[in-house]
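*Asks:* My questions are about this predicted structure, shown below with the sequence.
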Amino acid sequence: MKKTVLLGIIVVVALATAGVTALLVNIFERKSEARNPYVRLTEVTEDTTDPAKWGVNWPKQYGSYLLTAQITSTRFGGHGGSEALPEQKIARDPWLKRMFLGYAFSIDYRDRRGHAYMLADQEITKRLTKPQTGSCLHCHAAVMPLYRELGNGDAAKGLAATYKYSYQDLSKKLHDSGHAHPVTCADCHDPKTMQLRVTRPGFTQGIQALAASDAPVPHLPSVQRWREGGKKTPYDPNAEASRTEMRSFVCGQCHVEYYCSSQMPLTFPWGKGLRAGDIEKFWDATKFADGSRFLDYKHAETGAPILKAQHPEFELWSQGVHARSGVACADCHMPYERDGATKVSDHWVRSPLLNVNKACQTCHRIPEAEIKARVDQIQQRNYDLMQRGGTAIVALIDAIVAAKKSGATDAQLQPALELQRKAQWRLDFIAAENSMGFHAPQEAAMVLGEALDYARQGEVAVARLRR
Amino acid sequence: MEERKSSTAPWILAVLVGLLAGIGGFTFLYAEGLSYMSDDPKVCVNCHIMTPQYDSWQKASHHNVATCVDCHLPHGFVRKYLAKGENGFHHSAAFTLQNFHEPIMMTPKNAAILQETCVDCHSALVHEQVLRGADGSGEVQCVHCHRNVGHGPMTGMGKFE
């Protein structure tokens, strides 16, 4: 009996020791996780464009980046349709196609896919059946080594050279150079320190022009400091911006409005401010090298000199309450995830609606269903107003076409054509922006309201001709 | 004869108890077990998932007048160490097993303690109507409106400049 008790105690003590040892190892693991956020197993440099190589050192970030190949969709965004290509936006909203007649977006304009597809999708779009310029690669490939090569070490010079290349020629150079990857780690991270940094020359030029302007930028305190500090040297985002600002600037390298065609180098139009009206003023004051007026295309039916909006996410976000409160792009689109004792920024960049818990509830301590309902309400209202804009723009185009048929001259139609340019610019600004108004609901409604007003003013201008 | 046979067992037991004491003692020291007896806010970031809370507290209005324990533990000696023990157990278990809700949220019990500590310092300033809600009924929580005083507005995001 005594022996059994003794044996029992031995077993219990042994188990307890095993448990304490397990706890010790667990504590050791947590401590080392916190001490060494990464282990540099392989060397990466400015010219390491293959994300897989970086993935050796930073497997967590790389692992989540790989998930951008997943098909995701929200109510208003993302990849509908089949497993293969996303759905055509121009088929779903015929007014888009009508607006873009005379421009390659009337041929092929689909829902977005994730970062992993950015280069592949550009290479298979049917827009390439029309002449396209090398400028497009600024935001669709790991293009920095190529820029440095073309500019003899100066990436800005390299970019300035690329608009003269056809897309096909520059794409071939890219593939030959071995850098044909979509977005890569060095685009946003210094390979030595992993610090956030901007690399795209288009962004640097654009933000410098914005800083040099007197447009209000309450959401960019470092720009305000630079303005107050005497503006001695050009504003340098990599030296002066705070970490929070950098967490938006890196995204603003591409998720913006820009000119991206063959008549002049890629241009970010921020010299008069970031609002739709400011950017319109900038384009109106811009002339091509031959002295002609700036435009993206002539509308095929009306001949109006149209401005095509790209995807002004950074600009619209700048007008919203989140930017004003110091919330960066990455806070919602790449929120922190805890992994053991380390924090990892989620590199599966996606809609916050797919990750409400981490993206929204860190600040908004209300139920997920309520958050989703609020977003849905904002987006639904924006969608409804935008559809009204679509109806209005089609009515204006119809009116101009009918007036032309009955003999109205271009000179007579001039006011209406100008109004088409203004209306379409604003409607497209919100339609091409990828948040369905959420980034700045009031600003979006204002821009759409102006679009509707200009479209109907245009109709009135045409109607006056009949008198 | 019987006695002789089992005489090795006590020795094994002695070695095992020694091992347990040694490993246990080492684990306790390695885990900085003694530090948890102090009120130093740095102790709360021993396990690094509290870093955002610690960082944001340093930026918030109360960082000169209140540390973690001033708001998050009752002010009476006995209740303070009871709550410390209970929370400490839950936190250690959660961090070891990695099975907790994120973002980290306060339990109702701890929310009642928080309300109580607000009022304990500010009782001279707050009116009877506010005090009436201080029983944990949740009717009037100070932090419902004064949410930013402890940790600023954006704990847990990328704000460390």
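*Replies:* Right, received. Where do you want to start? Numbers count the residues shown, from 1 in each chain, chains lettered A, B, ... in the order given.
*Asks:* and the end-to-end length of stretch B:40-59?
*Replies:* 17 Å (Cα to Cα, to the nearest Å).
*Asks:* In chain A, where's the longest helix?
*Replies:* Ranked by residue count, the top helix of chain A under DSSP state H comes out as helix A:368-405.
*Asks:* how far does that helix sit from the chain's center?
*Replies:* 21 Å (Cα atoms, centre = their mean, to the nearest Å).
*Asks:* Stretch A:65-75 now?
*Replies:* With Cα atoms, centre = their mean, you get 15 Å for stretch A:65-75.
*Asks:* Name the residues that touch that stretch?
*Replies:* Outside stretch A:65-75, the residues that touch it by Cβ atoms under 8 Å, 6 or more residues apart in numbering or on different chains are A:51, A:55, A:78-80, A:83, A:111, A:113-117, A:347-351, A:353-354, A:376, A:379. (Each C-beta comes from the backbone N, C-alpha and C, glycine too.)
*Asks:* If you count neighbours, what's buried in it?
*Replies:* Residues of stretch A:65-75 classed as buried: A:65-68, A:72-74 (neighbour count, 16 or more other Cβ atoms under 10 Å in any protein chain shown).
*Asks:* And stretch A:28-38, what's buried?
*Replies:* A:30-31, A:34.
*Asks:* now check it, is it near chain B?
*Replies:* Yes: under the criterion of Cβ under 8 Å from any Cβ of the partner chain, stretch A:28-38 makes contact with chain B via A:28, A:30, A:33-34.
*Asks:* quick one: which of those residues sit in helices?
*Replies:* Short answer: the residues of stretch A:28-38 next to chain B in helices (DSSP H) are A:28, A:30, A:33-34.
*Asks:* want to throw those into TSV with pLDDT?
*Replies:* Listed next are these as TSV, based on pLDDT from 0 to 100:
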residue	pLDDT
A:Phe28	90
A:Arg30	87
A:Glu33	82
A:Ala34	80
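*Asks:* out of these, who's nearest chain B?
*Replies:* Proximity of these to chain B (Cβ to the nearest Cβ) peaks at A:Ala34, which lies at 4.1 Å.
*Asks:* Am I right that that closest one is in contact with A:Ala341?
*Replies:* Yes: using Cβ atoms under 8 Å, A:Ala34 is in contact with A:Ala341, at 4.2 Å.
*Asks:* got a list of what the residue positioned nearest the centre of chain A touches?
*Replies:* For chain A, A:His255 is the residue whose C-alpha lies nearest the centre (Cα atoms, centre = their mean; 2.1 Å). Residues counted as contacts of A:His255 (Cβ under 8 Å, 6+ apart) are A:311-314, A:329, A:434.
*Asks:* So which of the residues you listed is the closest to B:Gly24?
*Replies:* Nearest to B:Gly24 among the contacts of A:His255 is A:Cys329, at 48.0 Å by Cβ to Cβ.
*Asks:* Just the C-alphas of stretch A:221-238, formatted as PDB.
*Replies:* Provided in PDB are the C-alpha atoms of stretch A:221-238 (Å, rounded to 0.1, in the frame of the first residue of the first chain):
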ATOM      1  CA  PRO A 221       1.200  66.900 -40.900                       C
ATOM      2  CA  SER A 222       4.800  66.500 -42.300                       C
ATOM      3  CA  VAL A 223       3.800  68.400 -45.400                       C
ATOM      4  CA  GLN A 224       2.500  71.200 -43.200                       C
ATOM      5  CA  ARG A 225       5.700  71.200 -41.100                       C
ATOM      6  CA  TRP A 226       7.700  71.400 -44.300                       C
ATOM      7  CA  ARG A 227       5.600  74.400 -45.500                       C
ATOM      8  CA  GLU A 228       6.100  76.200 -42.200                       C
ATOM      9  CA  GLY A 229       9.800  75.200 -42.200                       C
ATOM     10  CA  GLY A 230      10.700  77.400 -45.100                       C
ATOM     11  CA  LYS A 231      10.600  74.900 -47.900                       C
ATOM     12  CA  LYS A 232      14.400  74.900 -48.300                       C
ATOM     13  CA  THR A 233      14.800  71.700 -50.200                       C
ATOM     14  CA  PRO A 234      12.000  69.800 -52.000                       C
ATOM     15  CA  TYR A 235       9.700  67.900 -49.700                       C
ATOM     16  CA  ASP A 236      11.100  64.400 -49.300                       C
ATOM     17  CA  PRO A 237       8.500  61.900 -48.100                       C
ATOM     18  CA  ASN A 238      11.200  59.300 -47.100                       C
END
